[in-house]
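Undergrad: Quick one: sequence and predicted model below, then my questions.
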Amino acid sequence: GAGVSQSPSNKVTEKGKDVELRCDPISGHTALYWYRQSLGQGLEFLIYFQGNSAPDKSGLPSDRFSAERTGGSVSTLTIQRTQQEDSAVYLCASSLARSGANVLTFGAGSRLTVL
Amino acid sequence: AQKVTQAQTEISVVEKEDVTLDCVYETRDTTYYLFWYKQPPSGELVFLIRRNSFDEQNEISGRYSWNFQKSTSSFNFTITASQVVDSAVYFCALGTRSGANSKLTFGKGITLSVRP
């Protein structure tokens, strides 16, 4: 697609429920990143995928968080047994390759509110 | 380890004032890249500029200019004659060239408010 698409744009859930957030990157971009933006906390790296390589999961805050990328394209970030501290905007970005030199194109984000 | 510090958290100026957003970085890599992104109220981050560690030439793009100084590990961003549309959160970021740990490290962002 023309840009990075994320869904849903807003999600309100109850504590303890599972949620899935979806990211559709720019066609041809092999690298895909998930970041979390909490109020006043900037952008916190969560996970990234590069082609068929094993994902870098070093930023996932707990084992309640997981992500997958099917067919090298669409990615799903899953948060199990959500907690109130999971409330944040989850941003997805993609780039041509995994490299610190590459410009990331971001989606509009999925705002998660855990009640 | 990589680190980006944006010491200013919020800045408020009146339209037409000049404003400088500070960014200080830390890295042990000799080759690295520095970025600025803008996040307007709509929420989507927009890329503004990328500089590599070997190019310390300052850059000007319209009302925007960037001052990269390796000696002080800083990459500051100046908006000249600010406008209301410049109101946004601005992020500075640092990326290494490649490798297993390649990813962007962002600062916490600076919220700029430009009042008419």
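TA: In hand now; what should we look at? Being a predicted model, the structure only gives us computed values, none of them experimental.

Undergrad: The closest residue to chain A within chain B: neighbour count?
TA: Relative to chain A, the nearest point of chain B is B:Gly95 (2.7 Å; CB to the nearest CB). All C-beta atoms are positioned from the backbone trio N, CA, C, and that covers glycine. Neighbour count of B:Gly95, defined by other CB atoms under 10 Å in any protein chain shown: 26.

Undergrad: quick one: what helix or strand has it in it?
TA: strand B:88-96 (DSSP states H and E).

Undergrad: if we can go back for a sec, surely the residue of chain B closest to chain A and B:Thr31 touch.
TA: No: here B:Gly95 lies out of contact with B:Thr31, judged by CB atoms under 8 Å, at a distance of 10.1 Å.

Undergrad: Outside of the strand holding B:Gly95 itself, list whatever touches it.
TA: A:42-43, A:99-102, B:2-4, B:6, B:21, B:23, B:25, B:27, B:29, B:31-41, B:45, B:75, B:77, B:102-107, B:109-112 (CB atoms under 8 Å, 6 or more residues apart in numbering or on different chains).

Undergrad: Quick check on the residues you listed: which are buried?
TA: The neighbour count (16 or more other CB atoms under 10 Å in any protein chain shown) marks A:42-43, A:99-102, B:2, B:4, B:6, B:21, B:23, B:25, B:27, B:32-39, B:45, B:75, B:77, B:102-107, B:109-110, B:112 as buried among the contacts of strand B:88-96.

Undergrad: I'd like to know if stretch A:4-24 reaches chain B anywhere along the stretch.
TA: No: Stretch A:4-24 does not reach chain B (CB under 8 Å from any CB of the partner chain); its nearest approach is 8.8 Å.

Undergrad: Can you give me the first-to-last residue distance of that stretch?
TA: 6 Å (CA to CA, to the nearest Å).

Undergrad: what's near enough to touch residue 78?
TA: You didn't pick a chain, so chain A it is. Per CB under 8 Å, 6+ apart, neighbours of A:Thr78: A:18-21, A:65-68.

Undergrad: Chain B was what I was after
TA: Contacts of B:Thr78 (CB under 8 Å, 6+ apart): B:18-21, B:64-67.

Undergrad: Can you tell me which of those end up in strands?
TA: B:19-21, B:64-67 (DSSP state E).

Undergrad: got the residues you listed as a markdown table, with distance to chain A and pLDDT columns?
TA: Below are the ones in strands among the contacts of B:Thr78 laid out as a markdown table (distance: CB to the nearest CB, whole Å; pLDDT from 0 to 100):
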| residue | distance to chain A | pLDDT |
| --- | --- | --- |
| B:Val19 | 19 | 97 |
| B:Thr20 | 19 | 97 |
| B:Leu21 | 14 | 98 |
| B:Tyr64 | 16 | 94 |
| B:Ser65 | 19 | 93 |
| B:Trp66 | 15 | 93 |
| B:Asn67 | 20 | 94 |
